[in-house]
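Enquirer: below are the sequence and a predicted model for it; my questions follow.
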Amino acid sequence: MQAIKLAYPDAVKWDKGATLIDAKSVDSDEGIAAFDGTSRSWSITFGIPNTDEAFLVNIHDGRINAHGEVTDEGAPPLSKGYFITDLSKVKFDSPELLKKSHQCHKTVSK
C-alpha cells in the first residue's frame with residue numbers, strides 16, 4: 001500500500017484521470033530486504049480507463065527511481081473493470097498476508 005500511495009501523486013501529474021492497474025513487487029532474489037512481507041522494489045502501473053494510455057512508476061528503497069509513459073499503441077483500450085478504483089477494498093498488505101500464511105501453514109519466518 002505504501003508504494004501505491006507514493007506513486008499515485010506522480011501518476012496524477014502525468015494525467016488527472018490516472019487510475020491504478022496493478023502493483024508488483026519486483027525484488028530479485030539478491031535484493032530481498034527481509035522475510036517480513038516487505039519489498040525493496042515495486043513497479044506500479046496506472047492507466048486511463050477506456051484508453052490504451054499507461055504510466056509506470058518504479059520504486060526502490062522507498063523512493064521513485066524511474067517513471068514514464070508506457071502506452072502500447074495498437075493495444076485495445078482497457079475498460080473500467082480492469083482498474084482498481086477503491087483501495088479501501090484491498091483488505092491485506094504483504095506483511096499481513098505473510099503472517100496469515102505462517103499461521104495457516106504453520107511455517108516459521110526467518
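Expert: That came in fine, so what should we check first?
Enquirer: quick one, helices of this protein?
Expert: Under the criterion DSSP state H, the chain contains helices at 2-14, 94-105.
Enquirer: and the longest one, what does it pack against?
Expert: Packing contacts for helix 2-14, counted by 3 or more Cβ pairs under 8 Å, 6 or more residues apart in numbering; DSSP states H and E, involve strand 19-25, strand 41-47, strand 54-60, strand 63-69. (Each C-beta comes from the backbone N, C-alpha and C, glycine too.)
Enquirer: strand partners (parallel or antiparallel) of the last one?
Expert: Looking at strand 63-69 with DSSP bridges, its paired strands and their directions are strand 54-60 (antiparallel).
Enquirer: and the angle for the strand it pairs with with helix 2-14?
Expert: 140 degrees (axes from the mean of the first three to the mean of the last three Cα atoms, to 10 degrees).
Enquirer: buried set for strand 54-60?
Expert: For strand 54-60, the neighbour count (16 or more other Cβ atoms under 10 Å) marks 54-59 as buried.
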